[in-house]
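S.K.: turn this into a model:
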Amino acid sequence: MATFEEHIEGLTQIDITTTSAPTQSELTGFLVNGVIDCVNRIIQYKPEELSKFTKTTNATDSVVKKGKILSVLREHDSTSILRVCTPIAPQLRYEATDSTSLHYRSKYNPAYFELNGLIICVPEASSGNNDIVVTQVHYDTGLINSDEYNNGVIENFPIDYEYLVALYAAANACQSAASDIQNNMPTKPTLPEIPSLTRVTTKLPSLPMYKPASFSFNAQNIISNIEKEDFDKADQYIKYLEKSSDAYDKSEGKENTIYQSDLEIFKSEMDSLIKDSDRNTQIEATEYRNRIFKHQYDVSQYQAEITESLAKYKWFVEQAAKYFALYVEGTTGMTQQNKARRKEDTQDKRREEK
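M.R.: Below is the predicted model of the structure:
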């Protein structure tokens, strides 16, 4: 069976290591958050599935509260006799132990209350087959304390929903990769220093300036709208990204054409200057011209790297949006088409009420 790391690498085409974004440590965090979010979404939208995410714990004192409580029982001097505990307010915990109080609870009608993150029963649980037995929604905490990305299964988690955790982590991994690209764009080449050319009697031609087009886009707009299940708005942001990318390509191409034209004029003027200069100045001017040629090469490399980075950024943003949409669909049971239809039905109903 493939590990989570292998599965997510297959989905995202990201080589996850200990140093690049996302790292193996970050991947473990995505999986932890994926388990918690997946459980919460499914028990909200599919309450009939709640029992798949529960765990029963026996204790002779108290039980740590993990999630939504399904049942609290107390053994009555036997593991086969289980009394139902009904909830009471924590401020009644003393009254429930006072046999003269109207709130008194015995072994035959026990109660429980929540306090300081614990579930405590009255009468108190104790040894001798008087355990408190709590069934509650469980979040796998083993992920937090181990390298879960190297595992292929999650403890106490239904196997038919494990793929959703992988989708959640894959979407976050793509978002992390896109952010890393945006934060580490190629460095713009710097212009070579202009020599003094003190023996040249004519004025140096103006050095052409390369002005790369700017591009900025925040992928979080897409992700946040998908998480809110507003797929229409997410699609609008994706289309905006595509238009921005096309506009950048056109602007970059236009600027490069202008730059190359100005550069040819500059080189021609420099050639004339060199011919009219004495030998020492000619050597210095030639070296400067060579640095300009090197700068031209660096600009070409910069343009190629920018284009490649932009293409990767766009791909990771689209993949993150796709995996988040699949994740939302899997946890809520609502496809994008069903969501739109339900939205239209709600609007029609409101119009009818008016």
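S.K.: quick check, pLDDT for Asn150.
M.R.: pLDDT for Asn150: 59.
S.K.: same deal with Lys339?
M.R.: pLDDT, Lys339: 52.
S.K.: and what of the one 10 residues further on?
M.R.: Lys349 carries a pLDDT score of 58 in this model.
S.K.: please apply the same query to Ser216.
M.R.: 69.
S.K.: what do you get for Ile8?
M.R.: In this prediction, Ile8 carries a pLDDT score of 89.
S.K.: which helix or which strand is home to it?
M.R.: Assigned by DSSP states H and E, Ile8 falls within helix 4-12.
S.K.: how about Val134?
M.R.: strand 132-137.
S.K.: adjacent strands (with direction) for that strand?
M.R.: When pairing is defined by DSSP bridges, strand 132-137 lines up against strand 54-59 (antiparallel), strand 69-75 (antiparallel).
S.K.: name the SS class of Ala321, please.
M.R.: helix (DSSP: H, G, I helix; E, B strand; the rest coil).
S.K.: and for Ile292?
M.R.: Look at Ile292: counting by three-state DSSP, its state is helix.
S.K.: re earlier: most packed of the strands paired with strand 132-137?
M.R.: strand 69-75 (a mean of 20; mean count of other Cβ atoms under 10 Å). C-beta here means a position set from N, CA and C on the backbone, and glycine is covered the same way.
S.K.: where do the strands sit along the chain?
M.R.: Secondary structure of the chain by DSSP state E: the strands cover 54-59, 62-64, 69-75, 82-84, 86-87, 111-115, 118-122, 132-137.
S.K.: with respect to Glu26, which of those strands lies nearest?
M.R.: strand 132-137 (25.8 Å; Cβ to Cβ).
S.K.: give me the residues contacting that closest one.
M.R.: Strand 132-137 has contacts (Cβ atoms under 8 Å, 6 or more residues apart in numbering) with 39, 43, 50, 53-63, 65-75, 82, 85, 112, 119-121, 125.
S.K.: next: stretch 159-175.
M.R.: 4, 7-8, 11-12, 14, 16, 22, 26-27, 30-31, 33-35, 37-38, 42, 52, 153-154, 157, 219-220, 223, 316-317, 319-324, 326-327, 330-331.
S.K.: partners of Thr17 in the sheet?
M.R.: Going by DSSP bridges, Thr17 forms beta bridges with Thr23.
S.K.: confidence score at it?
M.R.: Listed pLDDT for Thr17 reads 80.
S.K.: next, count neighbours for it.
M.R.: Residues lying near Thr17 (other Cβ atoms under 10 Å) number 10.
S.K.: go on, Tyr302?
M.R.: 17.
S.K.: measure it to His138 for me?
M.R.: Separation of Tyr302 from His138 (Cβ to Cβ, to the nearest Å) stands at 52 Å.
S.K.: about what we covered before: any idea how far the helix holding Ile8 is from the chain center?
M.R.: 15 Å (Cα atoms, centre = their mean, to the nearest Å).
S.K.: quick one: buried residues of it?
M.R.: 4-5, 7-9, 11-12 (16 or more other Cβ atoms under 10 Å).
S.K.: from these, pick the one nearest Phe293.
M.R.: Distances from Phe293 to the buried residues of helix 4-12, taken by Cβ to Cβ, are shortest for Thr12, at 40.0 Å.
S.K.: do you know how far that closest one is from Leu167?
M.R.: Counting by Cβ to Cβ, the gap from Thr12 to Leu167 is 11 Å.
S.K.: one step back: between strand 111-115 and the strand holding Val134, find me the angle.
M.R.: Strand 132-137 runs at 60 degrees relative to strand 111-115, counting by axes from the mean of the first three to the mean of the last three Cα atoms, to 10 degrees.
S.K.: tilt between strand 132-137 and strand 118-122?
M.R.: Going by the same axes, to 10 degrees, strand 132-137 makes 140 degrees with strand 118-122.
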